[in-house]
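>>> Quick one: sequence plus predicted model below, questions after.
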Amino acid sequence: MLKDTLAVAAILPHRYPFLLVDRVLELEPGRRILALKNVTVNEPFFTGHFPERPIMPGVLMCEAVVQAGGILAHASAVPAGAVAGKTLAMLTALDRVRFRQQVTPGDQLHLAVEAVRRRGLFWKMRGIARVGDKIAAELEFTFVFNTEREEERA
């Protein structure tokens, strides 16, 4: 289980301020993940979105859900030829995105993602971001693993 940000960062290539998963709470490889994002007043996006009434941008809620999905996929089956820390899950589509509730400083964003379908290097997933028992955002997304390594590009 990935109990802290350092363990999460060992899988995801993102770093501050774009690493949006703080910890993994539950993980069933190939099926589902429940992760957590602690939303703090110090998040850099709050200085401009919006200073008088800080609200987490919807696109960042989506990004947090997709990052949780990337962890699920990595834990499920990293593709052949992949190198830990070098293989990227590249987002290819967002579908059926809905924003239901605002997320503000002090909220804990629970990121629930389930695998819908996998075909080769492509994954389709469904995710929900919740604050407490209220849905903040829901979406479907697709990504593909990019297994190209630096030495192959040269």
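All right, it came through fine.

>>> check which helix or strand covers His49.
Element membership for His49, per DSSP states H and E: none, as it lies in no helix or strand.

>>> Torsion angles phi and psi at the residue nearest to it when sequence neighbours are not counted?
In this structure, His49 finds its nearest non-sequential neighbour in Pro57, 5.4 Å apart by Cβ to Cβ, 6 or more residues apart in numbering. C-beta coordinates here come from the backbone N, C-alpha and C atoms, glycine included. Main-chain torsions, Pro57, degrees, to the nearest 10: phi -60, psi 140.

>>> Show me the shaky parts of the protein.
Along the chain, segments meeting pLDDT under 70 span 1-2, 77-87, 147-154.

>>> how about the helices in it?
For the chain, the helices defined by DSSP state H occupy 5-9, 58-76, 150-153.

>>> my guess is Ala68 contacts Val113, does it?
Yes. Counting by Cβ atoms under 8 Å, Val113 is a contact partner of Ala68 at 4.9 Å.

>>> Have a look at these two and say which one is more surrounded.
Ala68 (30 against 26; other Cβ atoms under 10 Å).

>>> What separation is there between that one and Pro54?
Ala68 sits 23 Å away from Pro54 when distances are taken as Cβ to Cβ, to the nearest Å.

>>> swap in Phe99?
Phe99 sits 16 Å away from Pro54, going by Cβ to Cβ.

>>> same check, this time on Arg119
40 Å.

>>> So which of these two has more stuff around it?
Set side by side, Arg119 and Pro54 show more neighbours around Pro54, with 19 against 9, by other Cβ under 10 Å.

>>> And that one, how far from Gln67?
21 Å.

>>> and the residue nearest the centre of the chain, what does it touch?
Centroid check for the chain by Cα atoms, centre = their mean gives Gln67 as the closest residue, at 1.8 Å. The contact partners of Gln67, taken as Cβ atoms under 8 Å, 6 or more residues apart in numbering, are 12, 14, 19-21, 35, 111.
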